[in-house]
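# predicted model, plus sequence, below.
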Amino acid sequence: MAGDRKHSVQPLLQPLSDAGFAWFSISYRRVNPADYGSKPAIATAALLGGAVDDVRQAVAFVKEHAAEYQVDPSRISLVGESAGAQLSAMAALKPGPDGNVDAVVGLYCPSDLVTLIQTMPFIPDSLRQAVKGTPFEGLLFAYLRELSPMNAVHPGAPPFLLIHGTADTVVPFQQSVDMCNKMRQAGAKCDVYPVDGAGHGLKFWEAAKRLTTYKGAMIDWLKRREPVLPSEQ
């Protein structure tokens, strides 16, 4: 519903640059905030599977223009926070043609959207009650299950690093724990990096140095995902 590719993820960009990673910060389609709180808003949200396609198209674009940007199209990772983490996870778990990526870093990733919509404090209970037991509720939940990374896990999934504040009241920390457990059970690799006492949002983490240690952990984890090239041996 909100956010900007230049400002929302800004704390991530300098550490990536300092570590020598090329990065591309993308836009994707959003729900109109003016509709929030009305029944049509949920219907609009159900159309946001197209936002996953936006991420898939961004991966395809970078691969197609890799020579122009002087990047290696075979060494691509997706990094996202909040809704961007959910979209990145889905694009990685269900990639487009030639859209495979090597790794995913998700910050406070919503991995189970059905549980989230039932517990998220920003959704009025009156709105939940208005659709409870209706055919629309069944359709919505089926669609949210389809868009939940938890339900798209498979043995060939790329490795995930899930960074999450332990005091997050928007997307509970348990969502990342459950997602990692599901991946490990499937034979895929996943790590959880807890940010002790942190809530939801990088901009809030920036205010306390102790909440920014995730940056070094993220860079170290991404570097371990990089294959050693012949010139580096």
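Perfect, thanks for sending it.

# find the residue at the geometric middle of this structure.
Geometric centre of the chain, nearest residue: Ala85, 0.8 Å, by CA atoms, centre = their mean.

# so that residue versus Glu68, what's the distance?
In this view, Ala85 and Glu68 are 28 Å apart by CB to CB, to the nearest Å. All C-beta spots, glycine's among them, are computed from the backbone N, C-alpha and C.

# same check on Ala152?
Distance check for Ala152 against Glu68: by CB to CB, it reads 31 Å.

# in terms of neighbours, single out the busier of the two.
Neighbour count, other CB atoms under 10 Å: between Ala152 and Glu68, Ala152 has more, with 17 against 8.

# so that one makes contact with Met90?
Yes. With contacts counted by CB atoms under 8 Å, Ala152 reaches Met90, the gap being 6.3 Å.

# any low-confidence regions in this protein?
Low-confidence segments of the chain (pLDDT under 70): 1-7, 31-48, 118, 121-139, 141, 226-233.

# biggest helix in the protein by residues?
helix 49-64 (DSSP state H).

# now the element after that helix, going C-ward?
helix 66-69 (DSSP states H and E).

# off-centre distance for that next one?
25 Å (CA atoms, centre = their mean, to the nearest Å).

# hey, C-alpha coordinates of it in PDB?
These are the backbone C-alpha positions of helix 66-69, laid out as PDB (Å, rounded to 0.1, in the frame of the first residue of the first chain):
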ATOM      1  CA  ALA A  66      23.400  -7.800 -17.700                       C
ATOM      2  CA  ALA A  67      26.100  -6.900 -20.200                       C
ATOM      3  CA  GLU A  68      25.000  -3.300 -20.300                       C
ATOM      4  CA  TYR A  69      25.100  -3.100 -16.400                       C
END
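
# which parts of that helix are buried?
Ala66 (16 or more other CB atoms under 10 Å).

# state the distance from Thr213 to Ala198.
From Thr213 over to Ala198 (counting by CB to CB), the distance is 10 Å.

# mind listing what's buried in stretch 67-79?
Val71, Arg75, Ile76, Ser77, Leu78, Val79.
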